[in-house]
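Peer 1: predicted coordinates and the sequence they were generated for:
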There are 2 protein chains.
Amino acid sequence: MTDSAASDARFLLRNAVDALPEDALEQQLERGRPLRVKLGIDPTAPDIHLGHTVVLRKLREFQDRGHTVVLIIGDYTGRVGDPSERSASRPMLDPEEIDRNAETFQRQAFTVLDRERTEVRRNGEWLDMEMEQLFRLARTATVAQLLERDDFAKRYAEGRPISILELLYPLLQGYDSVAVRADVELGGTDQKFNLLLARDVQQAYDVEPQSILTMPILPGIDGVKRMAKSEGNYVGVTDPPEEMFGKLMRVPDDVMPTYYDLLLDEPFDPARPAVESKRALARAICARFHGEAAADAAEAHFDRLHVERAVPDEVEEAALPAEDPVHLPALIADNFGVSRAEARRLLAQGGVKIDGEPWSNGELDVAAERLDGAVLQLGKRRFKRFRRAAGAA
Amino acid sequence: MTDSAASDARFLLRNAVDALPEDALEQQLERGRPLRVKLGIDPTAPDIHLGHTVVLRKLREFQDRGHTVVLIIGDYTGRVGDPSERSASRPMLDPEEIDRNAETFQRQAFTVLDRERTEVRRNGEWLDMEMEQLFRLARTATVAQLLERDDFAKRYAEGRPISILELLYPLLQGYDSVAVRADVELGGTDQKFNLLLARDVQQAYDVEPQSILTMPILPGIDGVKRMAKSEGNYVGVTDPPEEMFGKLMRVPDDVMPTYYDLLLDEPFDPARPAVESKRALARAICARFHGEAAADAAEAHFDRLHVERAVPDEVEEAALPAEDPVHLPALIADNFGVSRAEARRLLAQGGVKIDGEPWSNGELDVAAERLDGAVLQLGKRRFKRFRRAAGAA
């Protein structure tokens, strides 16, 4: 192997969990021609958070070495509906909604990817096939093979239903790799099965099988679950800078090395104080998506809130009630263990602060949106951050 | 229930193995309107044997009571190919071949069915659907539900592959019941699962679910395995009368009551000598498909062969070698334990008979077709009937 192919491979495999088959990527790079590197996108969830950027940044590394990224918008999949158990009866997305989502996704993805080296395709181009073509595709895999997939295996073992349609989806995604002649496909570790299955589908169609690269799943800002919009533990790439900075300052210390590995180019320094590492990360991410000036302002805002106004870095979280607007005396009474009368008195006396500012305008009913993510302070030392329940809009 | 509906139901349920849901057919008959009774046909196996006529005769009984038979030629299924494990790579049938087979099937089926009360449909009319329609269909059943089917369960347990396409087939057949608004579907007991699944598919499409009726599987003339062309134990409805008569006379005594139940209107009489029962059955079946005169001639031929020429009723069977033509001295030597020289001597002396006639024309190489099913007699007492191996043309 040439030195440059070997060094490219080393770089591109950095942080990857699986790179299969073994040495396949090295051999592909050795040939010297630009590779077609596929990423499949679900147009039902258009907003990109930092978790998505782990894979996007890896794609960017391929682009920086002259390779082409093929971004596949799963518009067809979106149009025929989500086959998962939970939402079997869920209405299909309409074409306009898919267009809007695809647009949103691309706009956000190009904050990481190089537009010049990206080919955007929609799988409706080739998946709206003749039934006979679909039947050919349906022959390329067996039931046993698909039931090996972790989530299917679990559901099957637990007696939870898996529709036949769900078995078809991984095959359709695999066919995407046939259609775009993918050389490499990237995904999270949760996609490993699908990425490998696509190799079988390619082989059934006499197309040279892709190699696959899986990247680790980024933990959310709770440091526990995977980052996901539905978990409410995400940092969106379009979050306003103050919010982005504040959220990142709440990431637990022990996942900071993972955040450095997966989100920054700069190595994590274990000798540095945790709060400094965190601050540097928050600054760098804010600057990446909003520019240096916005990062400066976000940091200043954070300092004002937490340092000057003595809001602690880590604040206990509580759920907002489902009502909108939210009645402040009730919220305070329910969460701080005081009576509503006492809550009203504190509000009238300026003893309640929201995000560090005394709530002195006399309003008792406040829009849920205003309170979502806000820190409510009672007296000098009692703080709670309120959030809408996961799943609520 | 009216007396006439009750009596019709009793008659129509005669010999049925399953009639599900319980009392459903009675209720359907009670409504007094003609029912649409479905039978699905595989156009890859156009020749009808007596085994098929068990279900066809039951359909005829429905017709005789004013109901309509809907015969569905699975041309679509045939065109996309047989999905079974064994023949996964088998080429699809071309449209001309399907037409020819459908033609053959209908011609033969109308020896039993009433053409005036039969609606012939091809499932290509509705199965060549939009992909989105297919996806809707693929949602109507779960993997677990389909893996309950006996043959799937067995193969799955044994680790033999089942392609995703195979899971789609029962759903496509079920959709046939939606398309033709079947009230009742008939089939062999081996079809029970598919017939019941069609009810679920109908319900998913808001169509009133059919009731189902399964009929017993007719044993072949070996009395052991199910009658099937591939087993070489079948009586085709177009077999020449002599062959038909001869084959039926070889059916073992112990399955004679089953043959009476499933093929004749006349009850089996256990007090009657077995050979007489058999002869009456053979005559009745020959007369049904070839007329009385041909049945007379076939019986006479049989008597000449077996009674006058002393060929025993039951003759040991042996397989013809794969070669064509067959070299008689070798065949005789291999099967009767004599040397080839001895065999040649016997042939020259007229000591070898084929179907009761001395083989005195001096030919030593004989077309395999001439010998297939023929009884070869060596001297006075040694007989063997030769058959091409199952699977050979």
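Peer 2: Thanks, I have the structure now.
Peer 1: hey, let's count contacts and neighbours off CA atoms from now on
Peer 2: Fine.
Peer 1: how about the helices in the stretch 101-250 of chain A?
Peer 2: Under the criterion DSSP state H, counting those that start in this stretch, the stretch 101-250 of chain A contains helices at A:124-127, A:131-138, A:143-147, A:150-157, A:164-179, A:192-204, A:241-249.
Peer 1: list the helices and strands the fifth one packs on?
Peer 2: Here helix A:164-179 touches helix A:124-127, helix A:131-138, helix A:192-204, helix B:131-138, helix B:164-179, going by 3 or more CA pairs under 8 Å, 6 or more residues apart in numbering or on different chains; DSSP states H and E.
Peer 1: CA-only coordinates of that helix in PDB, if you can.
Peer 2: Extracted in PDB, the C-alpha atoms of helix A:164-179 (Å, rounded to 0.1, in the frame of the first residue of the first chain):
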ATOM      1  CA  ILE A 164     -43.800  -7.700   6.600                       C
ATOM      2  CA  LEU A 165     -43.400  -4.100   5.400                       C
ATOM      3  CA  GLU A 166     -40.800  -3.600   8.100                       C
ATOM      4  CA  LEU A 167     -38.700  -6.400   6.700                       C
ATOM      5  CA  LEU A 168     -38.900  -4.700   3.300                       C
ATOM      6  CA  TYR A 169     -37.400  -1.400   4.500                       C
ATOM      7  CA  PRO A 170     -33.800  -2.600   5.000                       C
ATOM      8  CA  LEU A 171     -33.900  -4.100   1.500                       C
ATOM      9  CA  LEU A 172     -35.100  -0.800   0.000                       C
ATOM     10  CA  GLN A 173     -32.300   1.000   1.800                       C
ATOM     11  CA  GLY A 174     -29.900  -1.600   0.500                       C
ATOM     12  CA  TYR A 175     -31.200  -1.000  -3.000                       C
ATOM     13  CA  ASP A 176     -30.200   2.600  -2.600                       C
ATOM     14  CA  SER A 177     -26.600   1.400  -2.500                       C
ATOM     15  CA  VAL A 178     -27.200  -0.500  -5.800                       C
ATOM     16  CA  ALA A 179     -28.800   2.600  -7.400                       C
END
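Peer 1: do me a favour and average the pLDDT over it.
Peer 2: Helix A:164-179 shows a mean pLDDT of 93.
Peer 1: before we move on, the earlier item: looking at the helices of the stretch 101-250 of chain A, which is closest to residue B:302?
Peer 2: Of all these, it is helix A:131-138 that lies closest to residue B:302, at 50.4 Å by CA to CA.
Peer 1: residues touching the closest one, excluding its own?
Peer 2: If you take CA atoms under 8 Å, 6 or more residues apart in numbering or on different chains as the criterion, helix A:131-138 is touched by A:168, A:171-172, A:175, A:201, B:80, B:128-131, B:163-165.
Peer 1: what residues does the stretch 1-150 of chain A put near chain B?
Peer 2: Within the stretch 1-150 of chain A, the positions near chain B by CA under 8 Å from any CA of the partner chain are A:80, A:83, A:88, A:128-132, A:135-136, A:138-144.
Peer 1: are any of the residues you listed buried, and which?
Peer 2: With burial judged by 16 or more other CA atoms under 10 Å in any protein chain shown, the buried subset of those is A:80, A:83, A:131, A:135, A:138, A:139, A:140, A:141, A:142, A:143, A:144.
Peer 1: just the strands in the stretch 1-150 of chain A please.
Peer 2: Per DSSP state E, counting those that start in this stretch, the stretch 1-150 of chain A has strands spanning A:18-20, A:36-41, A:68-73, A:118-122. These are given in chain order.
Peer 1: residue B:275: which of those is closest?
Peer 2: strand A:18-20 (70.8 Å).
Peer 1: run through the residues that contact residue A:274.
Peer 2: Applying CA under 8 Å, 6+ apart, the residues near residue A:274 are residue A:253.
Peer 1: cool, residue A:46 as well?
Peer 2: A:101, A:102, A:104, A:105.
Peer 1: rebuild those as CSV, extending it with neighbour count, pLDDT and distance to residue A:325.
Peer 2: Below are these laid out as CSV (neighbours: other CA atoms under 10 Å in any protein chain shown; pLDDT from 0 to 100; distance: CA to CA, whole Å):
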residue, neighbour count, pLDDT, distance to residue A:325
A:101, 20, 89, 29
A:102, 25, 89, 33
A:104, 16, 91, 29
A:105, 20, 91, 31
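Peer 1: so who does residue A:177 touch?
Peer 2: Counted by CA under 8 Å, 6+ apart, residue A:177 has contacts A:38, A:198, A:202, A:210.
Peer 1: go with 10 Å
Peer 2: A:36-40, A:70, A:72, A:171, A:183-185, A:195, A:198-199, A:201-202, A:207, A:209-210 (CA atoms under 10 Å, 6 or more residues apart in numbering or on different chains).
Peer 1: and it, how close does it get to residue A:231?
Peer 2: 31 Å (CA to CA, to the nearest Å).
Peer 1: equivalent analysis for residue A:345, please.
Peer 2: 36 Å.
Peer 1: how close does residue A:290 sit to residue A:303?
Peer 2: 18 Å.
Peer 1: give me the more crowded residue out of those two.
Peer 2: residue A:290 (19 against 16; other CA atoms under 10 Å in any protein chain shown).
Peer 1: low-confidence regions, the stretch 1-150 of chain A specifically.
Peer 2: Counting by pLDDT under 70, the stretch 1-150 of chain A contains low-confidence ranges at A:1, A:79-92.
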